[in-house]
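*Asks:* Next come a sequence and a model predicted from it.
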Amino acid sequence: MSTELIIDKDSFRKKVERLTNIPTLPNLLSKFTEMIKNPKTSMDAIGKELSKDQVLTSKLLKLVNSAFYGFPGRISTVSHALVLLGYDAVKGLIITSNIFENLSSDAFPLWRHSIASSLAARSIANELSMQDVEEFAVAGLLHDIGKVILHIEAPEEYKHVIEKARTSGRTIWETEQEMLGFDHANIGQWICEKWTLPEKLIIPIGSHHAVKDASGFHMRVMVTSLSDMMIRGMGGGAEEDFPLEPIDPICEEKIPLTQDQIDKIAENIAPEIGALQHLVPEDMK
Amino acid sequence: MKKCVSINDAVEGMILTKPVTNDKGMVLCSKGTSLNESLIKRFKEMQISVLYIESGIEMTEEEFIQEKDKIKKRFLNIKSDSILGKLKISLLKNLEEQKETNKE
């Protein structure tokens, strides 16, 4: 069967870079990035500056305080979020709270999958005694941001991709590669570069289906990939009925989790996956 | 059958099927406790977000087999000695446990 190119890669990439559906984001993010660069700026000052944007503040606080994200009712100000979660995690969360807002209802499973993956990533990172656990959680949250972009910018074409994957028995990202010439991890990488996210987030998002090819931050890449797979295994995949593909052997070697540890992680996340099943983005309050 | 609910959906009379613990793993309330308004309020204050409760619905043999099949199907290509293989074992164990709760 000939490959069917339904979206031109270059023009799609340009489209992604323009991203008309989230207009306020680049401006705010570049300001945020500038402030972080200046070592003299205090966290408190950054928190105050961000708080001037009321819409943003309320969205960010809603997300981190939701019963699902992991800090229910505990974070009351942007400065507090910065101290507790760190700059990079907050930056990722700002993006998340903005981008998931405009999703149509058929993308809700993707939203749930993202929240669940972030819980899994946090839980795995904790179990492995990693530092900066919140950054692992944000990478989990944003790992499928490329799929979100496809949903927003090319909904019809994307349905086509999923259908093709289902009938051919191949994975979604392989089918994307085959039909589009790029996959959702590539899109995630482009958009995160555009948003000037740090590499420790860009690489895990861009390499979560190509663990071996990652150019750095290998542990984060592996944890992001594993959290995605674990959630799919637990029935929290964005698209149902796709059997799991084996995880890269390097993960087996570098993440030597025991049965007891896996039991503990699964036990931690299972109730949330159940509770997430009926969640819609408006519930994140 | 064991079920998980958000603390916001918890109501008086629900029976805990798992102890409620704080961040440090300390047991705040034991398995088998019947919830009342003041307990629910206290859990909320302590930022407990989810509770395991007895759903009152029995898992039928048919549902059990269906769930088991779903898990097996998802893990079709996964070797049992891998990380994901361990997850499969974990999920099947949990499912058995849920079913066991029925018989208690």
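*Replies:* Everything's here; your move. Residues are numbered from 1 along each chain as shown, chains lettered A, B, ... in the order given.
*Asks:* Would you double-check that B:Ile53 falls in a strand?
*Replies:* Yes. According to DSSP: H, G, I helix; E, B strand; the rest coil, B:Ile53 belongs to a strand.
*Asks:* I'd like to know how far A:Pro155 sits from chain B.
*Replies:* When C-beta to the nearest C-beta, to the nearest Å is applied, the distance between A:Pro155 and chain B equals 26 Å. The C-beta positions use only the backbone N, C-alpha and C, and glycine is treated the same way.
*Asks:* quick one: that residue and A:Ser104 touch, right?
*Replies:* Yes. Using C-beta atoms under 8 Å, A:Pro155 makes contact with A:Ser104 at a distance of 7.4 Å.
*Asks:* between the two, which one's more packed in?
*Replies:* A:Pro155 (13 against 9; other C-beta atoms under 10 Å in any protein chain shown).
*Asks:* From A:Asn65, how far out is the more buried one?
*Replies:* According to C-beta to C-beta, to the nearest Å, A:Pro155 stands 31 Å off from A:Asn65.
*Asks:* what do you get for B:Leu16?
*Replies:* Using C-beta to C-beta, one obtains 25 Å as the distance from B:Leu16 to A:Asn65.
*Asks:* Under the pLDDT cut-off, which ranges of chain A? List them.
*Replies:* Within chain A, the segments meeting pLDDT under 70 span A:1-7, A:9, A:15-29, A:67-68, A:72-73, A:102, A:278-285.
*Asks:* of all of it, which residue lies closest to chain B?
*Replies:* A:Pro271 (3.4 Å; C-beta to the nearest C-beta).
*Asks:* For that residue, the count of nearby residues, please.
*Replies:* Count around A:Pro271 with other C-beta under 10 Å applied: 19.
*Asks:* Same check on A:Tyr158?
*Replies:* Neighbour tally, A:Tyr158, other C-beta under 10 Å: 24.
*Asks:* Tell me if I am right that it is in a helix.
*Replies:* Yes. Under three-state DSSP, A:Tyr158 sits within a helix.
*Asks:* Not counting its neighbours along the chain, what's nearest it?
*Replies:* Of all residues not flanking A:Tyr158 in the chain, A:Leu150 sits nearest, at 4.4 Å (C-beta to C-beta, 6 or more residues apart in numbering or on different chains).
*Asks:* That neighbour and A:Ala185 touch, don't they?
*Replies:* No. Using C-beta under 8 Å, A:Leu150 is not in contact with A:Ala185; the gap is 11.4 Å.
*Asks:* shaky segments in chain B?
*Replies:* Within chain B, the segments meeting pLDDT under 70 span B:1, B:23, B:56, B:101-104.
*Asks:* again, 80 this time
*Replies:* Along chain B, the model assigns pLDDT under 80 to residues B:1-6, B:22-25, B:47, B:49-50, B:55-58, B:98-104.
*Asks:* mind listing the strands in it by residue range?
*Replies:* Under the criterion DSSP state E, strands of chain B are mapped to B:2-6, B:20-21, B:27-29, B:50-54.
*Asks:* can you count the residues close to A:Asp260?
*Replies:* 11.
*Asks:* let me fix that: A:Thr196
*Replies:* A:Thr196: 14 neighbours (other C-beta under 10 Å).
*Asks:* That one should be in a helix, yeah?
*Replies:* No. Counting by three-state DSSP, A:Thr196 is not found in a helix; it is coil.
*Asks:* any idea what sits nearest it, other than its immediate chain neighbours?
*Replies:* Spatially, and ignoring its direct neighbours in sequence, A:Thr196 is nearest to A:Thr33 (5.3 Å; C-beta to C-beta, 6+ apart).
*Asks:* so the residue of chain A closest to chain B touches B:Ile53, yeah?
*Replies:* No. A:Pro271 lies out of contact with B:Ile53 (C-beta under 8 Å); the separation is 10.3 Å.
*Asks:* Overlap of the contact sets of these two?
*Replies:* Common neighbours of A:Pro271 and B:Ile53, counting by C-beta atoms under 8 Å, 6 or more residues apart in numbering or on different chains, are B:Cys4.
*Asks:* residues from chain B in reach of chain A?
*Replies:* Within chain B, the positions adjacent to chain A are B:3-8, B:47, B:49-50, B:52, B:70, B:73-79, B:82-84, B:86-91, B:93-94 by C-beta under 8 Å from any C-beta of the partner chain.
*Asks:* hmm, try it at 6 Å
*Replies:* Neighbours of chain A within chain B, by C-beta under 6 Å from any C-beta of the partner chain: B:4, B:6, B:47, B:49-50, B:74, B:76-78, B:82-84, B:86-87, B:90.
*Asks:* Go through the residues you listed and name the one nearest chain A.
*Replies:* Among the residues of chain B next to chain A, B:Cys4 lies closest to chain A (C-beta to the nearest C-beta), at 3.4 Å.
*Asks:* contacting residues around the closest one?
*Replies:* Shown in contact with B:Cys4 (C-beta atoms under 6 Å, 6 or more residues apart in numbering or on different chains): A:Pro271, A:Gly274, A:Ala275, B:Val50, B:Tyr52.
*Asks:* Got phi/psi on the second one?
*Replies:* Backbone torsions of A:Gly274, given as degrees, to the nearest 10, read phi -60, psi -50.
*Asks:* quick one, helices of chain B?
*Replies:* B:37-45, B:61-74, B:83-103 (DSSP state H).
*Asks:* quick one, longest helix in chain A?
*Replies:* Ranked by residue count under DSSP H, the longest helix found in chain A is helix A:108-127.
*Asks:* Tell me where the stretch 101-250 of chain A has helices.
*Replies:* Applying DSSP state H, counting those that start in this stretch to the stretch 101-250 of chain A gives helices spanning A:108-127, A:133-142, A:145-153, A:155-168, A:172-180, A:184-194, A:199-206, A:218-233, A:249-254.
*Asks:* Quick one: neighbours of the closest residue in space to A:Ile203 that isn't next to it in sequence, just the number.
*Replies:* Leaving out its chain neighbours, the residue that sits closest to A:Ile203 by C-beta to C-beta, 6+ apart is A:Phe217, at 4.7 Å. A count of neighbours around A:Phe217, defined by other C-beta under 10 Å, yields 20.
*Asks:* Cheers, nothing more for now.
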